[in-house]
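Participant: Give me the fold of what follows.
(2 chains)
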Amino acid sequence: MISIVNYGMGNIKSIQNAIRYLGIVSRVIDSAEEILNSNKLILPGVGSFARAMENMRKMNILDALNGAVLKSGVPILGICLGMQLFAEIGDEDGPSEGLGWIAGRVRKFNTTSGLKVPHIGFNATFFSSNNRILFDGLDEHADFYFVHSYVLSCEHETDVSSWTEYGEKFASSVRRNNIFGTQFHPEKSQRNGLVVLKNFVSSRI
Amino acid sequence: MAKHRLIFTLLVDKGTYVLSRNFRLQRVGDLKWIKEYYDFNAIAFSIDELIVLNVERGDKDIKSFGKNLELLTANCFMPVAAGGGIKSVEAAFKLFDAGADKIVINTSLVKDLELVRRLVKIFGGQSIIGSIDYKLCDDRQKVFIENGSIDTGWSVEGAVRNAADLGVGEIYLTSMDRDGTGQGYDLETLKRISAISSLPMIASGGVGRFDQLAEGIKYSKVQGVSTANLFNFIADGLTEARSYMRENGIDLAEWKASIQKDDTGAACHNASA
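Facilitator: Just a heads-up that it's a prediction; the model follows:
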């Protein structure tokens, strides 16, 4: 069963709608027990990094997430803030500790280029030579929809599965073993996004 | 760089989708009509963004508008903005809960500045669109509110500056004189305002042909072009408009033309559901 983790950060309805559109059943969960009983997890999220971690701490789901993802190898897809939480540290609202699954830091966009932040709208992604599972069936430079002011700066380039250019080159998606993340919103990226979701939910990862 | 945007605007009056001409409304069909006969779900795959406006006159029923929005956009996989008659933070929450990614504010930009400031603070400027309607009165452009019924006496420049100061993320600028006429956008005004506005601008009012959409971006330098006419780009119209715009050098996002059973499993089967 695909489980969407609801930890009180933003709207999850459109992700549910997208998965339903793909003909796949999902459920929305918010407890440690449900996390441990899931075959695949989706971690959505819009809002502040610090508050998201605080919410998960209060809900007592951090141990379950670590257990499911790191010990049992349950595939997880983090979307937008959900992906950023995989980092070790997030700068938003003061430095705070993240899940620490991907070595790196979530920092504000480099604005020296004069481009406006948040980065908002459709933009092209350049796939890395490895780690293409999420993009299977899509053309190079596929466009996805972004809304964000912070980027996940990865310590290891091998964790980055696609790059996007906006004043600087940033990680628009990451992958490390069973851990997947997209900075863009697949549920708002028309058919390209549906393909990404389909690749995550229905492939044997 | 973020891409340019082709935007479709739907106008809803008490559950009925309407055509607007110079802000006079003509009823067309209900939600069932728009989904089953108009084939909105297919059309939605040709646009970068959807804007749904509650144009009900007088006090608006936000709750039933929200319900309609939720049903309309269940199979929409692009950013959705909604607005019309948002007079409180609660009303804004209702629309976000119904699936909106952004809200559209018009009258409150003039009548309730404090509300706009609060909305910006709670939801972030990037999720607030400032909508400005204007028309020519005695050779002067004036900004109107309350569905174009009240003259504020403000200039377009003043209204745009005010919206930017309040912290909204983008501007949706509608020429009431061009609205529904098919004569094309008011390109000169759009160009003049887009040159002084630091915010992304969406052109609205008057578009009837592909080349007019392209002109809005090329000549007036706006980031998004919108049409609210249900019939000018019917059936494959918006798909063709996209192709035309791309062929004319406009940088629009591209996505897979169709979903095959091979690449998205059951999606094919559900596409018309």
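
Participant: switch to C-alpha atoms for all contacts and neighbour counts from now on
Facilitator: OK.

Participant: For chain A, which residue gets nearest to chain B?
Facilitator: At 4.0 Å from chain B, A:Lys188 is the closest residue in chain A, using Cα to the nearest Cα.

Participant: can you list the residues of the stretch 1-150 of chain B near chain A?
Facilitator: Listed as neighbours of chain A in the stretch 1-150 of chain B under the rule Cα under 8 Å from any Cα of the partner chain: B:1-3, B:45, B:74-79, B:96-97, B:99, B:126.

Participant: Tell me the buried residues in the lengthiest helix in chain A?
Facilitator: Secondary structure assigned by DSSP state H gives helix A:190-202 as the longest helix of chain A. Applying a neighbour-count criterion of 16 or more other Cα atoms under 10 Å in any protein chain shown, one finds A:190-201 buried in helix A:190-202.

Participant: Against chain B, which of these make the cut? List them.
Facilitator: Okay, of the buried residues of helix A:190-202 touching chain B (Cα under 8 Å from any Cα), that's A:190-192, A:194-195, A:198-199.

Participant: ok, so of these, who is nearest B:Thr152?
Facilitator: A:Gln190 (39.1 Å; Cα to Cα).

Participant: Give me the pLDDT for that closest one.
Facilitator: pLDDT for A:Gln190: 96.

Participant: ok, now which ones touch the closest residue to it other than its chain neighbours?
Facilitator: Distances taken as Cα to Cα, 6 or more residues apart in numbering or on different chains place B:Phe77 nearest to A:Gln190, at 4.9 Å, with adjacent residues excluded. Residues in contact with B:Phe77 (Cα atoms under 8 Å, 6 or more residues apart in numbering or on different chains) are A:14, A:18, A:187-191, B:45.

Participant: What of B:Ile145?
Facilitator: B:106-107, B:110, B:132-133, B:151-152.

Participant: Now, those that are in strands?
Facilitator: B:132-133, B:151 (DSSP state E).

Participant: what ranges do the strands span in chain A?
Facilitator: A:2-5, A:26-29, A:40-43, A:76-79, A:87-90, A:96-97, A:102-108, A:119-124, A:126-127, A:143-148, A:150-154, A:160-165, A:169-176, A:179-182.

Participant: I meant the stretch 51-200 of chain B, not that one.
Facilitator: B:80-83, B:102-105, B:128-137, B:140-145, B:150-151, B:170-175 (DSSP state E, counting those that start in this stretch).

Participant: which residues does A:Val5 contact?
Facilitator: A:28-30, A:35, A:41-44.

Participant: Go again with 7 Å.
Facilitator: A:28-30, A:42-43 (Cα atoms under 7 Å, 6 or more residues apart in numbering or on different chains).

Participant: Neighbour-wise, give me the winner out of the contacts of B:Phe77.
Facilitator: A:Ser189 (30 neighbours; other Cα atoms under 10 Å in any protein chain shown).

Participant: check contacts around residue 55.
Facilitator: In the absence of a named chain, this looks at chain A. Taking Cα under 7 Å, 6+ apart, one finds A:Tyr7 in contact with A:Asn55.

Participant: sorry, should have said chain B
Facilitator: With Cα under 7 Å, 6+ apart, B:Val55 has these contacts: B:11-13, B:84, B:147.

Participant: now swap in B:Gly66 and tell me
Facilitator: Contacts of B:Gly66 (Cα under 7 Å, 6+ apart): B:94-95, B:98.

Participant: Now flag whichever of these is closest to chain A.
Facilitator: Nearest to chain A among the contacts of B:Gly66, with distances taken as Cα to the nearest Cα, is B:Ala98, at 8.6 Å.

Participant: Model confidence for that closest one, exactly?
Facilitator: 93.

Participant: my guess is it contacts B:Leu69, does it?
Facilitator: Yes - between B:Ala98 and B:Leu69 there is a contact under Cα atoms under 7 Å: 6.5 Å.

Participant: Am I right that A:Asp93 is in contact with A:Ala50?
Facilitator: Yes - at 6.2 Å, A:Asp93 counts as touching A:Ala50 under the criterion of Cα under 7 Å.

Participant: Which one's more surrounded, the two?
Facilitator: The neighbour comparison of A:Asp93 against A:Ala50 (other Cα under 10 Å) goes to A:Ala50, with 19 against 10.

Participant: and the more buried one, what is it in contact with?
Facilitator: With Cα under 7 Å, 6+ apart, A:Ala50 has these contacts: A:92-93, A:96.

Participant: do that again at 6 Å, thanks
Facilitator: A:Ser96 (Cα atoms under 6 Å, 6 or more residues apart in numbering or on different chains).

Participant: Next: B:Ile103.
Facilitator: B:81-83, B:128.

Participant: Quickly note the distance from it to chain A.
Facilitator: As judged by Cα to the nearest Cα, to the nearest Å, B:Ile103 and chain A stand 14 Å apart.

Participant: repeat for B:Asn229
Facilitator: 22 Å.

Participant: on that earlier part again, can you give me the pLDDT of the closest residue to the residue of chain A closest to chain B other than its chain neighbours?
Facilitator: Distances taken as Cα to Cα, 6+ apart place B:Met78 nearest to A:Lys188, at 4.0 Å, with adjacent residues excluded. As predicted, B:Met78 sits at a pLDDT of 96.

Participant: what does A:Glu140 give?
Facilitator: In this model, A:Glu140 carries a pLDDT of 88.

Participant: How about A:Gln16, nearest residue that isn't a chain neighbour?
Facilitator: A:Ser26 (6.9 Å).

Participant: again with B:Ala195
Facilitator: Closest to B:Ala195 by Cα to Cα, 6+ apart is B:Lys221, at 7.9 Å.

Participant: For ChimeraX, write a command that selects the buried ones of the residues of the stretch 1-150 of chain B next to chain A.
Facilitator: A single ChimeraX command selects the buried members of the residues of the stretch 1-150 of chain B next to chain A (16+ other Cα under 10 Å):
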select /B:2,3,45,74,75,76,77,78,79,96,97,99,126
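
Participant: for the residues of the stretch 1-150 of chain B next to chain A, which one is nearest B:Ser88?
Facilitator: B:Phe96 (12.9 Å).

Participant: mind checking how far that closest one is from B:Gly148?
Facilitator: 25 Å (Cα to Cα, to the nearest Å).

Participant: Residue numbers of chain A in contact with chain B?
Facilitator: A:21-23, A:121-123, A:143, A:166, A:187-192, A:198 (Cα under 6 Å from any Cα of the partner chain).
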